[in-house]
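**Student:** missing the sequence, but the structure's below:
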C-alpha cells in the first residue's frame, strides 16, 4: 500500500482515486479550492502552490506525488521532487507546459507540426505572421487549456486586437492548419520503462473544448502505428512516467503534432468502461512501478462531455451499456462538470444507442458528427 | 445530489462509495471501528450502534440511509427510520436477520427449504433432531455469517457439544441437505417498484466462507426463472428496496432456500466488471429511486475471494481482463481482505485465464472446482 499525493483536486484526481482505491492505494490532495470535487473522496490539504509549509507535510505523507493539474509551477514540482518521488518528472512537465518547448521537441523527434514562431513583441508578431501566413493562431506559451489564451488571426487587421488581448506574456504563433480529423494517442509508460498505448481516439471540439471522443478508430492501422511511435519516442525522450496524451491533426496522410498533455486526459475517459484497464488505473500502476494493464478496446465507445451543466441523467441511466459520470461540481459556463460513455459490441449497435441518447437529451448537435463517423465505419 | 449514509464501513460500503460517486452522490459512514476500510474514501462517524447522540447528527446529514452491515440492531434501524429514509426497510432487515423468520417466510412464499425447527432449550434440540434427522446443522438464529455460529451434528453424541457451544441464545436446527450446487440470485428492487436481477451465480464455499463465484450459469433457464421468481416474490412481499441476495441449494430439480442477505452480496462482486451496471451502482440507484441499470452479463466472469491475506497481485495485474480488489484492510485469519474478478468473452478463454492465475498464485485448490465447471460448460 502506498500513499499517493495528487497536486490538484479536480475530476482527474477524483477518477484517479476511484481507480486506485481497488488497488489498495490511498490518496491525498492539494488544492487551493476547498470545494475541489476530488475532496469528496480523499483528504484535502487546502493550500496554494507556493504554500511550502503546507506542502512540506503533504510531501512527507506521500510516497509518490503526481498531477491532476498540469500547470503546477515548475518551482513547486522541483521543490516536491527534492522531497519525494514525483511522476511525471518536473522536466517533462515543464516541456509540456510550454507550447514553444513542446513544438520544438516534436520537431526534434521527427513529428511534423504546423509552422510556428515565438512571439515576444509586437514586431515578432509581424515577422511571425509573415513566416506562417494567415490564418494563424496566437497562443500564450503557458497556462493555456480548453481554448483559453488563444486568438485566431484571420486578416492583417486582427494583429492589433490579438496583441492587445494576449501581449505581455511569452506567446507563440501557429499556422492554422486545415485538417480532416483530430485524434489523440493516450499512452502510458511505467517506472520500469514498460510502455502501452490505448487505441487511437478521434476527438471533436466545440468552442475549443473537447465535446466528444470515439474509439477505437477503425481503418488505418498504419496511421495509428505512426502516431503511437511518436508517442513512444516522446515518452522515452522525456523519461516520462505515467499516462499522457499526444493530440494530433490528421490531414490526408500527414500527422501533425498539436500538443502533449502530461497527465490522464479527457480523450481517455472512455477507457474506464471501454477497456480492461482504464487510463486512471494505468496511471496509478505506472507511477508505482506495477505491471501495466490491458489497453485493448472492448467493443467501441463514445464519450460525450458535459460542459457548463449536466443534462438530465435519466435517458443515460435507462440505456444499457451507458455510463454516467457526474463530477460533483457546481455548474459554471465552460466548466467540465461530467461526461457519459456509451459502449457497444459493434459500431452499428453503438450508433443506434448514441442516436437515442442524443435525441432524448436534446443533444443532436453534439452527437451528429460522431454519429456520422460511426455510420461511415 | 443526495447524501447517502451507510451503517457500517467495510468493503461493501467501500464499493458502494466507489460506484455511487460517479453518479454524483456523497456518502457518510457510521462504524465503531476507526480504521473501517471505507473510511479511506468517505467521512466516518466513529460510533456504536446505540450511540444515539452521534447517530442523530448522522441521520440529519443523510438524505437516505442504507446498510453495509446486516446485523445493525433492529432498534437502531427503526430509530433511524423515524428520522430519515432507510432502505431496505427495518422490517425487511429484521426478517433477514433471523434465520427462523426467514425460513418461515420462504415456506410462506412457496420456496422449499431444508427441514428446520426452532431450538430454545436442550429438550427442543432433542425434538428437533428427531424431526429433521441427522446430519443437521444447529445455528444461532441471529448474528451468524460466514459460517460463524454454526455447529454440524453428525451423531446423537454431538448434541451435548453443540448445545454447550451455542445454547443460551435462540437457535434453529436445519436438516443437512445434500446438494449438487450452491447458487444465488442477486436482485434489486427500486423505490419505484422496478425489479431486475443478475444472472444466476454459482458459488463455492470453503470453511463456511465464499471462496469463488461463476456467472452466468449456463444451461438451465427454467431453473433460473424459478429462482428469480422466488427472489421477486420475496422482494415484493417485504416491500424490499435495494440489492439483496437469495442463496439457494440445487438438488436435482429441487431448489431449496438457504438464506437471504439484505444487502449487496459477495456473490455479486463479479458484476463490477462482468455487467453494464454493478450491484453497487444498482443499489445506489434503487435507494434513490433512479432508473435501474443493465444487469445482463458481458461475457463470463469468475470471482475469487481472498480470505485472511492477499496473494501477490502481480499475476493478476499482468493478465488481461483480470481485476484486482484490495479492500485496504489489515490481514487476519478468516477475514475477507480482497477479491479478484477474471472476465472472458467465452468460458474457454476464461478457463485458460483462471488456470494460469490459479497456478501463478499457488491457488490451484481454490480454482479447481470452478475450472471443472467452466470446462464442462
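**Tutor:** Looks like it arrived, so ask away. Being a predicted model, the structure only gives us computed values, none of them experimental.
**Student:** tell me which residues of stretch A:165-182 are tucked away?
**Tutor:** Within stretch A:165-182, the residues that qualify as buried are A:166, A:171, A:172, A:173, A:174, A:175, A:176, A:177, A:179, A:181, A:182, counting by 16 or more other C-beta atoms under 10 Å in any protein chain shown. For glycine as for every other residue, the C-beta is placed from the backbone atoms N, C-alpha and C.
**Student:** secondary structure and distance to residue A:351 added to these, as a markdown table?
**Tutor:** Shown next, in a markdown table, are these (DSSP: H, G, I helix; E, B strand; the rest coil; distance: C-beta to C-beta, whole Å):
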| residue | secondary structure | distance to residue A:351 |
| --- | --- | --- |
| A:166 | helix | 41 |
| A:171 | strand | 42 |
| A:172 | strand | 39 |
| A:173 | strand | 40 |
| A:174 | strand | 34 |
| A:175 | strand | 35 |
| A:176 | coil | 31 |
| A:177 | coil | 29 |
| A:179 | coil | 23 |
| A:181 | strand | 18 |
| A:182 | strand | 20 |
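**Student:** same for chain B: which of those are within range?
**Tutor:** Among those, proximity to chain B is found for none (C-beta under 8 Å from any C-beta of the partner chain).
**Student:** relative to chain B, which of these is nearest.
**Tutor:** Proximity of the buried residues of stretch A:165-182 to chain B was ranked by C-beta to the nearest C-beta; the top entry is residue A:182 with 26.2 Å.
**Student:** bridge partners for the closest one, pull those for me.
**Tutor:** residue A:203, residue A:249 (DSSP bridges).
**Student:** cool, the one 5 residues further on as well?
**Tutor:** Beta-bridge partners recorded for residue A:187 (DSSP bridges): residue A:197, residue A:244.
**Student:** is residue A:65 in contact with residue A:6, as I believe?
**Tutor:** Yes - counting by C-beta atoms under 8 Å, residue A:6 is a contact partner of residue A:65 at 7.5 Å.
**Student:** of those two, who's got more company?
**Tutor:** Between residue A:65 and residue A:6, counting by other C-beta atoms under 10 Å in any protein chain shown, residue A:6 is the more crowded of the two (29 against 25).
**Student:** contacts (any at all) between chain B and the helix or strand harbouring the more buried one?
**Tutor:** Secondary structure assigned from DSSP states H and E places residue A:6 in strand A:3-7. No - judged by C-beta under 8 Å from any C-beta, strand A:3-7 stays clear of chain B, getting no closer than 10.3 Å.
**Student:** which elements pack onto whatever helix or strand comes next after that strand?
**Tutor:** Going down the chain from strand A:3-7, the next helix or strand is helix A:11-20, by DSSP H and E. With contacts taken as 3 or more C-beta pairs under 8 Å, 6 or more residues apart in numbering or on different chains; DSSP states H and E, helix A:11-20 sits against strand A:3-7, strand A:26-31, helix A:279-288.
**Student:** dump these to a markdown table, plus mean pLDDT.
**Tutor:** Putting the helices and strands packed on helix A:11-20 into a markdown table (pLDDT from 0 to 100) gives the following:
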| stretch | mean pLDDT |
| --- | --- |
| strand A:3-7 | 98 |
| strand A:26-31 | 98 |
| helix A:279-288 | 98 |
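**Student:** so what's the residue in the stretch 51-200 of chain A positioned nearest to chain B up against?
**Tutor:** In the stretch 51-200 of chain A, the residue found nearest to chain B is residue A:194; the distance is 10.4 Å by C-beta to the nearest C-beta. The contact partners of residue A:194, by C-beta atoms under 8 Å, 6 or more residues apart in numbering or on different chains, come to A:286, A:291, A:292.
**Student:** what kind of secondary structure is the residue of the stretch 151-300 of chain A found nearest chain B in?
**Tutor:** Using C-beta to the nearest C-beta, the single residue of the stretch 151-300 of chain A nearest to chain B is residue A:294, 3.9 Å away. Secondary structure for residue A:294, judged by DSSP: H, G, I helix; E, B strand; the rest coil, is coil.
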